[in-house]
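**Student:** build me a model from this:
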Amino acid sequence: MRVKNLLKALPIGIILSSFCFAAYASSELDAIMKARGLSEKDILAAAKTYQPSGRKDEYLVFSSGGQSGQVIVYGVPSMRIYKYIAVFTPEPWQGYGYDEESKKVLEGGKINGRAMTWGDSHHPAFTEKNGEYTGDYLFINDKANPRLAVIDLKTFETVQIVSNPVIKSEHGGAFVTPNSEYVLEASQYAAPLDRNYHPLEAFENAYRGAVTLWKFDLDKGRINEAESLTLELPPYNQDLSDAGKGVSDGWAFINSFNTEMYTGGIEAGLPPNEAGMSRNDHDYLHVFNWKKIAELGKDPKNVKVINGHRVVPIEVAVANDALFLIPEPKSPHGVDVSPDGKYLVIGGKLDTHASVYDFEKIKKLIDAKDYAGKDTFGIPILDMKKSLHGQVELGLGPLHTAFDSKDGVLYTSLYVDSQVVRWDYKKLKVLDRINVHYNIGHLDSMEGKSTKPKGDWLLALDKLSIDRFNPVGPLHPQNHQLIDISGPKMELTYDLPIPLGEPHDVVSIAADKLTPKVTFDIGTDSRTEKPSPYATLAGQERVERDGNNVTVYATMVRSHINPERITVNKGDHVKIHLSSLERAQDETHGFAVDSMNVHASL
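**Tutor:** Numbers count the residues shown, from 1 in each chain. Predicted coordinates:
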């Protein structure tokens with residue numbers, strides 16, 4: 001009725017011209033669709049993701065950069081890449097690893113005094129408050145060289161790297177406790193915690209897994225290494241971790257594989273490593289009380305000091321009812337805690353089922369000391385059937401899980417089947433499935449692992465792209481696919497080639513939760529945001545000489561450097577401090593000395 005009345009009110013010329021324009025536009029669209037072989041479904045997908053010039057994305061996604069050692073930032077729904085954040089690897093556009101301030105950050109990641117110039121960035125995680133993402137800081141781990149980095153989301157710059165003093169590789173990090181008290185970093189392959197040589201024949205006695213609780217000071221935005229500690233674990237090859245929330249707050253969970261403690265040996269006629277690690281019918285989910293471990297670590301009687309770092313031994317954790325095991329389908333990968341903290345969802349790579357554990361059942365077994373037995377190391381084992389809420393058959397190779405805003409609904413990746421399955425973990429039934437391209441690993445719905453997931457969109461992180469993009473040589477980009485999950489059926493809407501390393505995992509956050517700075521404050525160190533002792537204001541420019549040591553205090557505005565001329569003698573040692581006085585947005589200034597590997601980005 002309103003449309004009819006409006007048409008009556010409009011002059012006939014306007015009505016006719018509107019219809020003519022609509023007819024022309026429709027005709028042109030039909031021609032484009034025909035010429036490009038596009039369907040109406042294709043056009044709808046494009047409309048869902050298209051952002052007109054100047055329109056901003058609703059969500060920002062932070063992706064690990066794999067072997068590049070960096071973090072990739074892109075928007076949803078547009079899938080436009082915005083930035084590579086330099087983390088474990090020098091990066092010249094941002095001057096990272098070339099100026100003295102960022103060199104100090106990278107030096108924090110030295111291992112045994114050796115500089116590491118690459119990393120395998122793996123699992124990003126935001127700071128949290130009551131399990132919700134806050135967008136203050138982002139953490140990212142280095143799987144290959146066990147380290148953890150802190151990225152300040154006011155500046156999108158890496159401000160700290162810490163190296164793990166006891167483990168040799170890791171996969172179960174970075175995972176944050178609900179109020180950002182600790183960042184968890186669990187080992188992957190068992191190794192001697194003292195980092196000395198021990199033969200493989202001594203594997204069961206000398207090799208161990210571990211999970212480090214890095215203490216995070218939210219006010220300072222830094223990890224406090226002195227207040228951090230590690231829990232010793234059996235040599236079961238720990239995998240992914242997650243911290244409890246809600247009813248399971250204070251607890252944390254780590255998957256494992258190789259409870260066989262197998263070390264390979266095909267050269268000696270033994271089964272291959274993968275076969276030997278998969279002989280048992282199950283592996284173990286590690287369940288530990290991180291709050292109790294943190295308290296135990298305050299008493300010197302409860303810790304061993306290894307490489308200057310406090311380690312709570314297995315026997316101390318067991319004696320204080322802080323560490324337990326539960327059988328789980330063999331070779332599991334992901335363990336994900338539901339938004340209310342009541343359920344744990346686990347996908348076993350070598351099982352077609354996803355298993356849903358009920359934390360309240362687990363806690364009752366612990367409180368009643370109702371154990372099914374103990375493992376080789378004396379850790380109590382809880383009964384699997386008594387701990388389960390149930391299992392659902394999903395398909396081949398279930399890996400990772402992300403949650404929807406709808407109660408009970410989640411999404412699980414199937415590596416072998418190259419699918420995403422939507423299912424109900426409370427009612428234990430499959431709701432929908434969609435093919436992805438190809439061999440999906442991690443996945444993420446918007447804020448999908450927080451206490452308040454947004455749903456809306458799902459990202460499938462595919463390890464192979466093969467025929468999806470123009471060929472660029474034998475090495476193909478990874479494929480991040482955007483899936484619309486707002487309707488009753490999942491709809492694939494966009495393919496994004498990622499040509500930087502092998503992005504392993506992503507986390508997403510509503511863009512309005514981020515408040516990045518527009519410019520840096522004049523006279524501050526960009527890594528600490530504190531006044532720099534070398535800050536120079538206009539009129540203070542100078543050159544100081546002390547013997548053959550020359551120190552220059554210079555300023556920059558746009559491309560102008562003051563002083564313009566620096567005259568020194570052959571053999572002088574010259575140090576230049578540059579202060580940018582620029583106040584305009586996004587006016588970056590470079591400084592370089594040819595053939596000297598000297599470079600700065602201000």
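**Student:** centroid-nearest residue for this protein?
**Tutor:** The centroid of the chain falls nearest to residue 124 when counting by Cα atoms, centre = their mean (1.5 Å).
**Student:** just checking, it touches residue 142?
**Tutor:** No - applying Cβ atoms under 8 Å as the test, residue 124 and residue 142 come out as separate, 11.8 Å apart. Backbone N, C-alpha and C define where each C-beta goes, glycine included.
**Student:** so where's the stretch 401-550 of the chain shaky on pLDDT?
**Tutor:** For the stretch 401-550 of the chain, applying pLDDT under 70 flags no range at all.
**Student:** show me where it has strands.
**Tutor:** Using DSSP state E, counting those that start in this stretch, the strands of the stretch 401-550 of the chain run over 409-414, 419-424, 429-435, 440-446, 455-462, 478-484, 491-498, 506-510, 542-546, 549-557.
**Student:** got these as TSV, with mean neighbour count and distance to residue 333 columns?
**Tutor:** Below are these laid out as TSV (neighbours: other Cβ atoms under 10 Å; distance: least, Cβ to Cβ, whole Å):
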stretch	mean neighbour count	distance to residue 333
strand 409-414	26	9
strand 419-424	21	15
strand 429-435	16	19
strand 440-446	25	9
strand 455-462	24	13
strand 478-484	22	18
strand 491-498	18	21
strand 506-510	24	16
strand 542-546	11	58
strand 549-557	18	49
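**Student:** now the ones you listed as a markdown table including distance to residue 224?
**Tutor:** Below are the strands of the stretch 401-550 of the chain laid out as a markdown table (distance: least, Cβ to Cβ, whole Å):
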| stretch | distance to residue 224 |
| --- | --- |
| strand 409-414 | 35 |
| strand 419-424 | 39 |
| strand 429-435 | 44 |
| strand 440-446 | 29 |
| strand 455-462 | 32 |
| strand 478-484 | 35 |
| strand 491-498 | 34 |
| strand 506-510 | 23 |
| strand 542-546 | 37 |
| strand 549-557 | 34 |
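**Student:** what segments of this protein are helices?
**Tutor:** 2-9, 12-36, 40-49, 100-107, 203-206, 273-276, 290-296, 314-319, 359-367, 384-387 (DSSP state H).
**Student:** residue 501 is nearest to which of those helices?
**Tutor:** Closest of the helices of the chain to residue 501 is helix 100-107, at 17.6 Å (criterion: Cβ to Cβ).
**Student:** how about residues contacting the closest one?
**Tutor:** Helix 100-107 is contacted by residues 86, 88, 90, 95-97, 115-116, 158-161, 525-528 when judged by Cβ atoms under 8 Å, 6 or more residues apart in numbering.
**Student:** mind listing the residues bridging to the nearest residue to residue 371 once chain neighbours are set aside?
**Tutor:** Closest residue to residue 371 apart from its sequence neighbours, by Cβ to Cβ, 6 or more residues apart in numbering: residue 380 at 4.4 Å. Beta bridges link residue 380 to residue 374, judged by DSSP bridges.
**Student:** do the one 10 residues further on as well
**Tutor:** With DSSP bridges applied, residue 390 shows beta-bridge pairing to residue 356.
**Student:** would you confirm that it contacts residue 427?
**Tutor:** No - using Cβ under 8 Å, residue 390 is not in contact with residue 427; the gap is 9.3 Å.
**Student:** neighbour count for the two, which is higher?
**Tutor:** Of the pair residue 390 and residue 427, residue 390 is the one with more neighbours under other Cβ atoms under 10 Å, namely 15 against 11.
**Student:** what's near enough to touch residue 48?
**Tutor:** Residues in contact with residue 48 (Cβ under 8 Å, 6+ apart) are 77, 484, 493.
**Student:** is it true that the second one touches residue 459?
**Tutor:** So the one you mean is residue 484. No - with contact defined as Cβ under 8 Å, residue 484 does not reach residue 459; the gap is 11.4 Å.
**Student:** which residue is the nearest non-sequential neighbour of residue 80?
**Tutor:** Nearest to residue 80 is residue 74, by Cβ to Cβ, 6+ apart, at 6.1 Å.
**Student:** quick one: contacts for the one you found?
**Tutor:** 60-61, 63, 80-82, 480, 496.
**Student:** of the strands of the stretch 401-550 of the chain, which is nearest residue 179?
**Tutor:** Of the strands of the stretch 401-550 of the chain, the one closest to residue 179 (Cβ to Cβ) turns out to be strand 506-510, at 17.0 Å.
**Student:** now the angle from the closest one to strand 455-462?
**Tutor:** In terms of direction (axes from the mean of the first three to the mean of the last three Cα atoms, to 10 degrees), strand 506-510 departs from strand 455-462 by 160 degrees.
**Student:** returning to that earlier point: do you know which of the strands of the stretch 401-550 of the chain lies nearest residue 295?
**Tutor:** strand 506-510 (29.3 Å).
**Student:** returning to that earlier point: how close does the residue nearest to the centre of the chain sit to residue 93?
**Tutor:** 21 Å (Cβ to Cβ, to the nearest Å).
**Student:** hang on, the earlier thing: lowest mean pLDDT across the helices of the chain, which one is that?
**Tutor:** Looking at those, the lowest mean pLDDT belongs to helix 2-9 (a mean of 45).
**Student:** before we move on, back to that, filter the contacts of helix 100-107 to the buried ones?
**Tutor:** 86, 88, 90, 95-97, 116, 158-161, 525-528 (16 or more other Cβ atoms under 10 Å).
**Student:** so which of those residues sits lowest on pLDDT?
**Tutor:** Across the buried ones among the contacts of helix 100-107, the smallest pLDDT goes to residue 526, namely 85.
**Student:** out of the buried ones among the contacts of helix 100-107, the closest to residue 584 would be?
**Tutor:** Closest approach to residue 584 among these (Cβ to Cβ): residue 526, at 16.5 Å.
**Student:** so who does that closest one touch?
**Tutor:** Residues near residue 526 by Cβ under 8 Å, 6+ apart: 101, 155, 157, 520.
**Student:** domains of the protein?
**Tutor:** Per automatic domain parsing, the structural domains of the chain span 59-263+271-513, 542-601.
**Student:** let me know which of the ones you listed is tucked in deepest.
**Tutor:** Mean neighbour count (mean count of other Cβ atoms under 10 Å) peaks for domain 59-263+271-513 among those, with a mean of 20.
**Student:** now the terminal residues of it, how far apart.
**Tutor:** 9 Å (Cα to Cα, to the nearest Å).
**Student:** just stretch 461-480 next, same as before
**Tutor:** 5 Å.
**Student:** try stretch 260-271
**Tutor:** Distance across stretch 260-271, first residue to last, is 13 Å (Cα to Cα).
**Student:** how far does it sit from its chain's centre?
**Tutor:** Relative to the centre of its chain, stretch 260-271 is centred 33 Å away, using Cα atoms, centre = their mean, to the nearest Å.
**Student:** ditto for stretch 565-574
**Tutor:** 46 Å.
**Student:** look up how far residue 335 lies from residue 165.
**Tutor:** Using Cβ to Cβ, residue 165 is found at 25 Å from residue 335.
**Student:** please apply the same query to residue 355.
**Tutor:** Here the criterion is Cβ to Cβ. By it, residue 355 lies 10 Å from residue 335.
**Student:** residues touching the residue lying closest to residue 241 once chain neighbours are set aside, list them.
**Tutor:** Counting by Cβ to Cβ, 6+ apart, the nearest residue to residue 241 once its immediate chain neighbours are dropped is residue 172, at 3.6 Å. For residue 172, the contact set (Cβ under 8 Å, 6+ apart) comprises 184-188, 211, 238-241, 254-255.
**Student:** pull out the buried residues from stretch 525-539.
**Tutor:** Buried residues in stretch 525-539, counted by 16+ other Cβ under 10 Å: 525-529, 532, 534-536.
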